[in-house]
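Asks: Provided below are the primary sequence and the corresponding predicted coordinates.
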Amino acid sequence: MEIFSNFCLLLLLAVSSFQFLVTSTDLKTDESCLLTLKSHITSDPHNTTNWTTNSPVCSWTGVTCRRNRVTELNISNAELAGAIPPQLGNLSALVSLDMDSNFFNGSVPPSLFNIPTLEVLILRNNSLSGSLPADMCRNGASRLRYLWFTINGLFGEIPASLGMCEQLENVRLSANNFSGNLPREIGNLTRLKELYVRGNKLTGNIPKEIGNLKNLEILHIGGNSLTGFLPREIGNNTALLELYLWGNDISGNIPKEIGRLNKIKIFDMGGNHLNGSLPSEIGNMTSLSLLYLIDNNLIDGFPEEIGRLNNLQIMYVSYNKLTSPLPPTMSNMSSLEMIWLSSNFFRGNIPWGIFPPNVKEIDFSNNLYEGYILPQIGRFRNLTYLNIIENNLLGTLPSTIGNLSNLRTILLHSNKLSGEIPSSICKLTSLEFFHMSNNTLEGQIPQCLGNLSKSLQVLHLKQNNIHGLIPSSFTKDCALVSLNLNSNQFGGILSHSLANCRQLQVLDIGNNEIRDVFPFWMETLLDLRVLVLKSNKFFGTILPLLKTSAPFPKLQVFDIAQNGFSGSLPDGYLNSFIAMIDVKENVTDWFHKYDESMGIVIKGLEQSVERILTTFTTIDMSNNNFSGNIPESMGKLNSLRYLNFSRNSLTGRIPSSLGSMITLESLDLSSNQLDGEIPGQMTGLTFLAKLNLSMNNLVGRIPQSHQFNTFENDSYVGNEGLCGLPLTRKCEGDGGTNLPGKLPDESDDADDDDFVDGLTWLVVFLGYGCGVVIGVSMMYFMFQYGWPIWLMKLSVGVEYKIEKIKRSNRRIKKNEKEPWRD
């Protein structure tokens, strides 16, 4: 018995020794794999992989061990760069690999899917490329639950073998370049709870096998190119909480089976080609909080059952073809906060009474609504956003608008609203955007609006009939960014309190009755991008005071046309327009969202610019009384696109430096007193599409190159000293005898002369021939039958009248020579 006990003890010691030896060997293998990974890392700014054999592998940064094996590796958010070596697949006890948010490149090693214990594989937000292994789930990875490859550069098809990783619960493949179909084998992943494949290049239909995923809670396959219909089997996903199918090419009707998704909270199919009506079964989705069907082809209207959605908070159904009136049952939707139904075909009166009092945002823009904004709008005390632009609303803005103390945005432009702006508007101390352009508003603007300048950023009242003074109470904390009062009847002077609005980027007061000198005090508005003073009664010289070293550094629209300014061109200002020199596109600031149209004059015709791009630049000083020369320094403005100095009294030569304005698209110097030749350097203006140099005193040959070959006579008319194409006047040395100063009908063009000479002789011969035939016939008639009485009367009568006219002309000339006879 004692011998047997000793044998068992020896056997146990042997097994333990063997296990220790094997475990030590496996840990050495793990250590070797990690050191291989370290050798493939090319950048480690935070010294994350400071792994050495001088310390135990289980103590290394990011490494977790269990039972003396590496089971977890977490080196996420370490800004590491390099490639993932295939040897990493030899970590045979690894359960979790997290390399999220680094800069790893290259392909995903297939060996990672051979690790039998792996449950979590996160390679999200790197620079990986290539395709996923076609057999990624065939040889291992049977325990894989989390697969995150979002935000990489992976491409190719999603392997059908993904359906063999049957333990998967969370798959994230968004923001890559995957193409092909969404594999139907994905329907085998019955444990799947979240599937994200948005932002790829997937095509084909949504497989009906998607309905097998009974545990699916989030399905996000938006931003692809999927086609076909939404399968009816989607109704089997009764655990679904969020469905995102936006930005695809899905068509057909919304299936009534969606009514079975009674747990769903977010239903987003915006940006597809859905048609037909909304099914009444939508009323069964009672947990729904967001309904997003923007930009489809849905028709009719909302079913009565929509009123059951008393948890719905956000309704975005803009850009469809809805026509039917909103159902009264919407009054039951007590949680509704945002109603966006813009760009449909709703008409009639807006049913203000059916909206819950807690509504925060209303957008009915671009519809066919008529009628009035009713006083009951004042009950929406939580309203922050009101947008009803481009409808046919009538009447006045009710004074109850002042009750909406949380209102930040009022957009009512392009309607038929009339009357005065109620003074109660000044109670809206949170108001930021007030846009009522293109209506028929009357009366005076409430002066208290200036008191809102601490919050008010945009005040647009363009194209109304408002008169009186512009508010003069803009405070020192003024937040105003854009003020557009164009095309009204404002008078008086421009309030200096606008100088307090240091953030002002747009000031457009054109087409009013303002009588003032140039607002030099605006030099301190360093963010000003648009300054329009055109068609007012401004007067005087513009001699910069230069209160700052670089006035108007961001100005890109300077329009002071049709005023009474005089003196020299303001060279000091023109030199400081830095934004017209090497301008670059900037979409980060507010100005890139400025969508108010503006009129510019090109060749005497006003054209509308619907949206001012951040690279749009123009100077219009036409129709004033400016005199003197055009400054040579104008050539510095190499990003200027439109320049108009027409209808002034400018003299001297056209500066050759204008040839440096390489982005110039339109140049109008007409109706001045400019002389000299057209500089040849201007042929380098390869973007020049409109040129008007007419009605000046220019001389010499018209340059012939690039864009100058496209301009016609009207670009040069009224310059008698010009010659060469496109004019018919030849220049000296061109083979003709005419000098540059001769009129067009004195041209010596040889071909024209030959044509005219030939035509003249042809007419002469035809005239003589016809005359001889008629004369001989009449003589024969007279001799044969006698002189006809009627012909003799006609002849004598005509001769008498001709003689009478001659006598009258002689009498007039004689009286002109002898005026005393009067």
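Replies: Done, it's in.
Asks: Tell me how many other residues surround S59.
Replies: S59 has 9 neighbours, counted by other C-beta atoms under 10 Å. The C-beta positions use only the backbone N, C-alpha and C, and glycine is treated the same way.
Asks: let me redo that: H496
Replies: The local packing of H496 (other C-beta under 10 Å) involves 12 other residues.
Asks: measure the closest residue to it other than its chain neighbours to D668 for me?
Replies: Distances taken as C-beta to C-beta, 6 or more residues apart in numbering place W521 nearest to H496, at 5.6 Å, with adjacent residues excluded. W521 is 30 Å from D668, where distance means C-beta to C-beta, to the nearest Å.
Asks: Comparing these two, which residue is more hemmed in?
Replies: The neighbour count for W521 versus D668, taken as other C-beta under 10 Å, is higher for D668 (23 against 13).
Asks: Quick check: the more buried one vs L658, distance?
Replies: Distance of D668 to L658, computed by C-beta to C-beta: 12 Å.
Asks: now do L326
Replies: 59 Å.
Asks: between the two, who's got more neighbours?
Replies: Neighbour tally, L326 and L658, criterion other C-beta under 10 Å: the higher count belongs to L658, 23 against 20.
Asks: what residue ranges in the stretch 501-650 of the chain score low on pLDDT?
Replies: Along the stretch 501-650 of the chain, segments meeting pLDDT under 70 span 544-548, 584-614.
Asks: Hmm, K360 is touching S335, no?
Replies: No - K360 lies out of contact with S335 (C-beta atoms under 8 Å); the separation is 11.2 Å.
Asks: which of those two has more neighbours?
Replies: K360 (17 against 13).
Asks: For the closest residue to that one other than its chain neighbours, list the residues it contacts.
Replies: Once flanking residues are discounted, K360 sits nearest to E337: 4.5 Å by C-beta to C-beta, 6+ apart. Residues near E337 by C-beta atoms under 8 Å, 6 or more residues apart in numbering: Q313, I314, N358, V359, K360, E361, N382.
Asks: For these, name the two members farthest from one another.
Replies: Farthest apart among those by C-beta to C-beta are I314 and N382. That separation is 14.2 Å.
Asks: Comparing these two, which shows the higher neighbour count?
Replies: Per other C-beta under 10 Å, whichever of I314 and N382 has more neighbours is I314, with 18 against 15.
Asks: Pretty sure that one sits against V359.
Replies: No - using C-beta under 8 Å, I314 is not in contact with V359; the gap is 11.0 Å.
Asks: any common contacting residues for those two?
Replies: The overlap between the contact sets of I314 and V359 (C-beta under 8 Å, 6+ apart) consists of E337, M338.
Asks: could you show me where the helices are in the protein, in order?
Replies: Secondary structure of the chain by DSSP state H: the helices cover 2-40, 571-574, 750-785, 789-817.
Asks: returning to that earlier point: so can I have TSV of the contacts of E337 showing pLDDT?
Replies: Below are those laid out as TSV (pLDDT from 0 to 100):
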residue	pLDDT
Q313	97
I314	98
N358	94
V359	97
K360	97
E361	97
N382	96
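Asks: what's the closest of these to P133?
Replies: For the contacts of E337, the nearest to P133 is I314 (41.3 Å; C-beta to C-beta).
Asks: which residues does that closest one bridge with?
Replies: With DSSP bridges as the criterion, I314 is bridged to L290, M338.
Asks: List the contacts of the closest residue to L226 other than its chain neighbours.
Replies: Using C-beta to C-beta, 6+ apart and skipping the chain neighbours, the partner closest in space to L226 is N248 (4.2 Å). Applying C-beta under 8 Å, 6+ apart to N248 gives the contacts I221, G222, G223, N224, S225, L226, T227, G271, N272.
Asks: From F558, how far off is the third one?
Replies: Plainly put, G223 is 42 Å away from F558 if you go by C-beta to C-beta.
Asks: between these two, who's got more neighbours?
Replies: The neighbour comparison of G223 against F558 (other C-beta under 10 Å) goes to F558, with 23 against 20.
Asks: What is the burial count for the nearest residue to that one once chain neighbours are set aside?
Replies: Setting aside the residues directly before and after it, F558 is nearest to I619 in space (C-beta to C-beta, 6+ apart), at 4.9 Å. By other C-beta under 10 Å, 25 other residues sit near I619.
Asks: With K690 instead?
Replies: With other C-beta under 10 Å as criterion, K690 counts 17.
Asks: And the pLDDT for it?
Replies: For K690, the pLDDT comes out at 93.
Asks: which residues does it bridge with?
Replies: Beta-bridge pairing for K690 (DSSP bridges): S666.
Asks: avg pLDDT for stretch 653-673?
Replies: 94.
Asks: how about it: buried residues?
Replies: Across stretch 653-673, burial judged by 16 or more other C-beta atoms under 10 Å covers 654-655, 657-661, 663-672.
Asks: Ok, stretch 324-336 next?
Replies: Using 16+ other C-beta under 10 Å as the burial criterion, the residues of stretch 324-336 that qualify are L326, P327, T329, M330, M333, L336.
Asks: from the chain's centre, how far out does it sit?
Replies: Relative to its parent chain, stretch 324-336 has a centroid offset of 34 Å by C-alpha atoms, centre = their mean, to the nearest Å.
Asks: Next: stretch 177-194.
Replies: Averaging C-alpha positions (C-alpha atoms, centre = their mean) puts stretch 177-194 36 Å from its chain's average.
Asks: repeat for stretch 134-149
Replies: Distance of stretch 134-149 from the chain centroid (C-alpha atoms, centre = their mean) equals 43 Å.
Asks: With A81 as the reference, measure out to P45.
Replies: From P45 to A81 the distance is 9 Å (C-beta to C-beta).
Asks: Which one's more surrounded, these two?
Replies: More crowded of P45 and A81, by other C-beta under 10 Å: A81, with 17 against 9.
Asks: what is that one paired to in the beta sheet?
Replies: If you apply DSSP bridges, the partners that A81 bridges to are S43, F103.
Asks: List the contacts of it.
Replies: So A81 contacts I41, T42, S43, N102, F103, F104, N105 (C-beta under 8 Å, 6+ apart).
Asks: can you pull the buried residues of stretch 231-245?
Replies: P231, E233, I234, G235, N236, N237, L240, L241, E242, L243, Y244, L245.
Asks: Same question for stretch 718-729.
Replies: N719, G721, L722, C723, G724, L725, L727, T728, R729.
Asks: before we move on, what about stretch 173-193?
Replies: Buried residues in stretch 173-193, counted by 16+ other C-beta under 10 Å: 173-176, 178-179, 182-189, 191-193.
Asks: Could you tell me the end-to-end distance of that stretch?
Replies: Stretch 173-193 has an end-to-end distance of 14 Å (criterion: C-alpha to C-alpha, to the nearest Å).
Asks: Centre of the chain to it, how far?
Replies: The answer for stretch 173-193 is 34 Å, by C-alpha atoms, centre = their mean.
Asks: Between the two ends of stretch 47-56, how far is it?
Replies: 17 Å.
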